[in-house]
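Visitor: Sequence first, then the predicted structure:
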Amino acid sequence: MSGNSKHTATLSLGVMAAGFVGTLFLDGTVPWVRFAQSGFEAGLVGGLADWFAVTALFRHPLGIPIPHTALLPKNRDKVAKAFISTIQDDLLSKQSIMDKLSQIPLVIRLLRGAEEQLGTTGAKAGIASISEYLIMQLPLEKIAAYGEKEIQKLLEALDMRSLLNNLLEQVYDRRYDEKVFDFVLDLSEQLVMKEEIRERMGVMAVQALSHLKTNGFMQFALNAFVGYFNEEKLGGLIQQFILTGIEGLRMKDNANRRAVIQSLHQWLDNPMHRDNIAAEMNNWKEQLITQWNLGDKLLELLQRLQQKALEWVREENFAEAYVIPFASRMIHRIESDEELLNRLERGLREQIARWIEGNHHKIGALIKENIDRFDDETLIELMEDKVGKDLQWIRVNGAICGFLIGIGLAAVKAIIG
């Protein structure tokens, strides 16, 4: 309560009392004395009546338990309930809150507020810190274990025979078999053209011919051939022969090429051969599941990725170069998409409405909890501090109005008398 207003109210009452007492010692037949005495008397009565009324709201006047005084302490629960009901059901009703929110474009406000804050130094540091914290909190062991389990399920569910059939079908359709054949021819050509290979082929040919045994004229002719063609010539002859054959096999319409590829297809299309290949693939799959330690390898991979991610977010320009531009693009995309914006707005309002519906009663509970924290004396002091100034002016007004009314009544008496 304001000390100045209380002092003013007490002063006004004192002035009325002093004026009334002072006029008692003056000649009452003098008109102005009679008028002043009536005014001071009525002002004193009015001031005392208003003092009694104001005091009776909070406590017993002069400590005397007069009936119908100390109204607020006696009716604390009733006043609190009325106060809570007024705030909860009238001032802050569910409908009033929703009506007020309906006038505000919530999503637009949130998006623009977020975009304005993104460029601040604090936001940049916060983005980097949050990103680093989130990366550090990733449960790598659980992710690796989950990944291992899912990969095992995937591998166990694979039908290798069906996979092989589909694979070969794609190979035939896309002519990968011919591309592989051409690749082998290229490798063979590069190998045969090497000088050491030519020399080795010449040595092998001479050794083979020297160990070849025939009779009569054939032996004589063979010896003459070996004597004429040394290792170098034989190597070059064989090399040229192989290169000529490779060149022929490269031609798409070459009969030997078609025969080789057809033979390869026949071998691959043989059901028994496909079963054998599928069985080998199944063995490889089982080894992969049981021996490869998928969990450990996945964990190592995840740890490397985590370290790379940490190095990335710790870069000085991480937020400014990556996160903020991405967030700004997303915000502008949402703002430009009216349908999406309306959906978000409706969704946000529905969530707020549900939250208000579920928590509106807590407004009253919160007010009551705060009121119950104070004892009667503290609560009275608090109320007097907030509204006492205005109440004390009631006392001042009562004294002044009483004074004026007293003068008026004295004038009426004089006129009538």
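Guide: Done, it's in. A quick note: this is a predicted structure, and the numbers were derived from the prediction, not measured. Numbering: from 1, shown residues only.

Visitor: avg pLDDT for the helix or strand where residue 48 lies?
Guide: Following DSSP states H and E, one finds residue 48 within helix 31-58. Averaged across helix 31-58, the pLDDT comes to 74.

Visitor: Quick check: which helices or strands does that helix pack against?
Guide: Judged by 3 or more Cβ pairs under 8 Å, 6 or more residues apart in numbering; DSSP states H and E, helix 31-58 is in contact with helix 3-24, helix 71-74, helix 376-416. Quick note: C-beta positions are derived from backbone N, CA and C, even for glycine.

Visitor: Among those helices, which one carries the weakest average confidence?
Guide: helix 71-74 (a mean of 61).

Visitor: If you drop the residues flanking it in sequence, what lies closest to residue 138?
Guide: Distance criterion Cβ to Cβ, 6 or more residues apart in numbering; nearest residue to residue 138, sequence neighbours excluded, is residue 306 at 6.5 Å.

Visitor: Distance of residue 288 relative to residue 259?
Guide: Distance, residue 288 to residue 259, by Cβ to Cβ, to the nearest Å: 37 Å.

Visitor: typed the wrong thing, it's residue 364
Guide: 94 Å.

Visitor: neighbour count winner among these two?
Guide: residue 364 (18 against 11; other Cβ atoms under 10 Å).

Visitor: Was I right to think the more buried one contacts residue 82?
Guide: No. Counting by Cβ atoms under 8 Å, residue 82 is not a contact partner of residue 364; they are 11.5 Å apart.

Visitor: Residue 362: which element?
Guide: With DSSP H and E as criterion, residue 362 is part of helix 361-372.

Visitor: Any idea how far that helix is from the middle of the chain?
Guide: Remark: helix 361-372 is offset 32 Å from the chain centroid, using Cα atoms, centre = their mean, to the nearest Å.

Visitor: mind giving me the domain split of this structure?
Guide: Structural domains annotated on the chain: 3-74+376-416, 180-250, as defined by automatic domain parsing.

Visitor: The last one spans what distance, first to last residue?
Guide: For domain 180-250, the first and last residues are 12 Å from each other (Cα to Cα, to the nearest Å).

Visitor: Residue numbering should commence at 47 henceforth.
Guide: Taking 47 as the first residue, the last one we looked at is domain 226-296.

Visitor: and that domain, what's its mean pLDDT?
Guide: The model assigns domain 226-296 a mean pLDDT of 76.

Visitor: just stretch 151-168 next, same as before
Guide: Here the average pLDDT along stretch 151-168 is 82.

Visitor: do the same with stretch 378-390
Guide: 86.

Visitor: Likewise for stretch 405-415?
Guide: 73.

Visitor: Stretch 359-369 now?
Guide: If you average the pLDDT values across stretch 359-369, you get 86.

Visitor: Just list the residues touching residue 371, thanks.
Guide: Not one residue lies near residue 371 by Cβ atoms under 8 Å, 6 or more residues apart in numbering.

Visitor: Centre of the chain to the one helix or strand it maps to, how far?
Guide: Assessed by DSSP H and E, residue 371 sits inside helix 370-382. Relative to the chain's own centre, helix 370-382 is displaced by 15 Å; criterion: Cα atoms, centre = their mean.

Visitor: Which positions within it qualify as buried?
Guide: 370, 373, 377 (16 or more other Cβ atoms under 10 Å).

Visitor: And for the residue nearest to the second one when sequence neighbours are not counted, the neighbour number?
Guide: Going back to what we said before, that points to residue 373. Among residues not flanking residue 373 along the chain, residue 164 sits closest, at 5.9 Å (Cβ to Cβ, 6+ apart). As a burial measure, residue 164 scores 19 neighbours (other Cβ under 10 Å).

Visitor: what residues are up against residue 164?
Guide: Per Cβ under 8 Å, 6+ apart, neighbours of residue 164: 370, 373, 374.

Visitor: got it, and residue 340?
Guide: Residue 340 neighbours (Cβ under 8 Å, 6+ apart): 193, 194, 197, 198, 334.

Visitor: Just the buried ones from these?
Guide: 193, 194, 197.

Visitor: Reformat those as TSV; add distance to residue 317.
Guide: Formatted as TSV, those follow (distance: Cβ to Cβ, whole Å):
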residue	distance to residue 317
193	36
194	35
197	30
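
Visitor: Out of the residues you listed, flag the one nearest to residue 89.
Guide: residue 193 (91.5 Å; Cβ to Cβ).

Visitor: In contact with that closest one, which residues?
Guide: 340, 341, 344.

Visitor: ok, the second one touching residue 192?
Guide: No. At 9.6 Å, residue 341 and residue 192 do not qualify as touching, with contact defined as Cβ under 8 Å.

Visitor: Next, count neighbours for residue 452.
Guide: 24.

Visitor: Check the secondary structure at residue 72 for me.
Guide: Secondary structure assignment for residue 72 (DSSP: H, G, I helix; E, B strand; the rest coil): coil.

Visitor: Phi first, then psi, for it.
Guide: When read as degrees, to the nearest 10, the backbone of residue 72 gives phi -100, psi 170.

Visitor: Over to residue 338?
Guide: According to degrees, to the nearest 10, residue 338 has phi -90, psi -10.

Visitor: Tell me how far it lies from residue 193.
Guide: 13 Å.

Visitor: Tell me the gap between stretch 400-420 and the middle of its chain.
Guide: Relative to where its chain is centred, stretch 400-420 has its mean C-alpha point 29 Å off (Cα atoms, centre = their mean).

Visitor: buried sites along stretch 213-221?
Guide: 214, 217.

Visitor: Could you do stretch 391-402 as well?
Guide: 395, 402.

Visitor: ok, residues contacting that stretch?
Guide: 140, 143, 144, 147, 148, 151, 152, 153.

Visitor: ok now the one helix or strand residue 394 maps to, how far from the chain's centre?
Guide: For residue 394, the element it lies in under DSSP H and E is helix 384-405. Distance, stretch centre to chain centre, for helix 384-405: 17 Å (Cα atoms, centre = their mean).
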